[in-house]
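1. just to be clear, the model below is a prediction. Sequence and coordinates:
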Amino acid sequence: MATDISQAIRQLSQDKGISEELIFRTIENTLIAAYKRRFGNADNAIVRFNDDKEVSIYAQRKIVDHEGVYDPVAEIDIEEARELLPDAEIGDEILIEVDPRDFDRVAVQSAKQTAHQTIREIQKDSLYSEFKDKVGEIIIG
């Protein structure tokens, strides 16, 4: 049984004539933009799609000792890391799932606008590609 998001992606792909790969890339870029807006930096953001086309966003954080957390967006205290992963060691990296519902309204709105703009640009590029070789021809429509 297809999930709601996979059905929406398939429908968008058919309606707009955009490949699913481009839609996935747009979703990824949108989530990263919202993450960056929320946390100020997206260097450690990782977006993953599973087999059911469900999407998750993670923060990759380096495990440091309890006195060494200088950047709470990119680093995590060893004690906190061990609560999530009991065999965690200092220097390891850990993926922590970020709930998109934690993004503020402005970040979500900005990401939504980015997604709409990207989809419009993709449509415009595909339309241009379709008709660029027909310059000078008379087309009945």
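-> That came through fine.
2. ok, so what distance separates D71 from F49?
-> According to CB to CB, to the nearest Å, D71 and F49 sit 27 Å apart. (Glycine included, C-beta is placed from N, CA and C.)
3. no wait, R105
-> R105 sits 25 Å away from F49, taking CB to CB as the criterion.
4. what's stretch 78-85 in contact with?
-> By CB atoms under 8 Å, 6 or more residues apart in numbering, the list of residues contacting stretch 78-85 from outside reads R61, I63, V64, D65, H66, A88, E89, I90, D92, I94, I96.
5. and if we set it to 10 Å?
-> With CB atoms under 10 Å, 6 or more residues apart in numbering as the contact definition, stretch 78-85 has outside contacts at 61-66, 68-69, 75-77, 87-97.
6. picking up where we left off before, more neighbours: R105 and F49, which one.
-> F49 (15 against 7; other CB atoms under 10 Å).
7. now that one. Its backbone dihedrals?
-> Here is the backbone geometry of F49 (degrees, to the nearest 10): phi -110, psi 130.
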